[in-house]
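> please work out how this folds:
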Amino acid sequence: MNLGELAQRLGAELVAGEGESPETAAARVIDGVAGIEAAGPGSVTFVANPKYAALARTTRAAALIVEPGFPALKTATLRTPNPYLAWSKAIEVFHPAPRYEPGVHRTAVVADTARIGARAHLGAYVVVGERCVVGDDAVLLPHVVLYDGVTVGDRFLAHAHAVVREGCRLGDDVVLQNGAVIGADGFGFAKSAEGRWVKILQAGPAVLEDAVEVQANACVDRASIGETRIGAGTKIDNLVQVGHGSTVGENTLLCSQVGLAGSTTVGNNVILAGQVGAAGHLTIGDGAIATAQTGIPSDVAPGAVVSGYPAMENRSWLRTVAAVNRLPELMQRVKSMEAWMKGQMTDETK
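So this is what the prediction gives:
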């Protein structure tokens, strides 16, 4: 593919490098994508983070994807308002996703009452339970299991060993990575008079709306009553735990090892960074951000940026951390002052 064709595919403006004509730049052959430091004469790379701007002047890449206002370079540029998004599309151009032929593998087990949509692919040892509904163009890779009564929409993609438990409902364009578990029992137990923990039936389903992705070994638990719901466009990273009865809004990011206790409500366009933990029965408002390892014991206001434990406003947390880092120095100064004062008192008693 030449650079002019790639620019059209990405919807980007091609700007020739220093000393070359637009025709020469457009005709340059591109054979792949690479990081800015590793890119060679046939590669396209990108700059979205300002800290890499200096590397743009020394890269060997054939072209860089940059913002429209990026300074002119000796290298050709593809200019677009969202370089990172264009970069992701460029990766897809040179590394298209695998395609799976329609059909049901001879080792798959599909209940007679299940309905399988047009052009679906069911791989080896897939199990589809009673009364399941599988949408058009769905792909279930080896060892995927749909319990009884599950509904999954069109273009559903489930990688090996993903599991969807009974009665759960998944919308169109949902992706489950390897080992994701949707609708496992919520962690609910009541203590008996004898001091034993008695399991509370988890009767409500988990519901994933359109374009949700749940990555490897993450769990979205079913509810004891009602439902657990994940809003459209939300992305859930590896090893995330969404507790029973929780609600997560649209286009939210739950990064690796986030844990939501039961009945947590998370709004739209929220970002919870790695290892954030939220106590149950609280609300995190639309657009809020919690930085890594934040512990959230109570409600978070819409648009707030919080850090630390207990969660506090990010700038306050940064000042607190700076003060804590100075404690050894401050303690030494206090000890010195105490020693000086003790000496003064001794002198006065002489």
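
> next, count neighbours for Asp31.
12 (other C-beta atoms under 10 Å). C-beta: built from backbone N, CA, C; applies to glycine.

> now swap in Val145 and tell me
As a measure of burial, Val145 has 19 neighbours, counting by other C-beta under 10 Å.

> ok, now which ones touch it?
When contacts are counted by C-beta atoms under 8 Å, 6 or more residues apart in numbering, Val145 touches 126-127, 129, 162-164.

> most neighbours of all these, which one?
For the contacts of Val145, neighbours were counted using other C-beta under 10 Å, and Val164 has the most, 32 neighbours in all.

> partner residues bridging that one?
Leu146, Ile182 (DSSP bridges).

> that one reaches Val150, doesn't it?
Yes - Val164 is within contact range of Val150, at 4.9 Å (criterion: C-beta atoms under 8 Å).

> shared neighbours, these two?
Between them, Val164 and Val150 share these contacting residues under C-beta under 8 Å, 6+ apart: Leu170.

> for this structure, name the helix or strand with the lowest mean pLDDT.
helix 327-349 (a mean of 81; mean pLDDT, DSSP states H and E).

> send the alpha carbons of that helix over as CSV?
Taking C-alpha atoms only, helix 327-349 is exported to CSV below (Å, rounded to 0.1, in the frame of the first residue of the first chain):
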residue,chain,number,x,y,z
LEU,A,327,8.3,13.5,57.7
PRO,A,328,11.8,12.0,58.3
GLU,A,329,13.4,15.4,57.8
LEU,A,330,10.8,17.1,60.0
MET,A,331,11.1,14.5,62.7
GLN,A,332,14.9,15.0,62.8
ARG,A,333,14.4,18.8,63.1
VAL,A,334,11.9,18.3,66.0
LYS,A,335,14.4,16.0,67.7
SER,A,336,17.1,18.6,67.3
MET,A,337,14.8,21.3,68.7
GLU,A,338,13.9,19.1,71.6
ALA,A,339,17.6,18.5,72.4
TRP,A,340,18.3,22.2,72.2
MET,A,341,15.4,23.1,74.5
LYS,A,342,16.5,20.4,76.9
GLY,A,343,20.0,21.9,76.9
GLN,A,344,18.5,25.4,77.6
MET,A,345,16.5,24.1,80.5
THR,A,346,19.6,22.4,82.0
ASP,A,347,21.5,25.7,81.7
GLU,A,348,18.8,27.6,83.5
THR,A,349,18.8,25.2,86.5
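
> show me what it is packed up against.
In terms of contacts (3 or more C-beta pairs under 8 Å, 6 or more residues apart in numbering; DSSP states H and E), helix 327-349 is packed against no helix or strand at all.

> number the chain from 742, please
I'll keep to 742 as the first residue from here, and by that count the last item is helix 1068-1090.

> what comes up buried for it?
Of all the residues in helix 1068-1090, not one is buried under the rule 16 or more other C-beta atoms under 10 Å.

> please state the offset of it from the chain centre?
Its chain's C-alpha centre lies 53 Å from the corresponding centre of helix 1068-1090 when counted by C-alpha atoms, centre = their mean, to the nearest Å.
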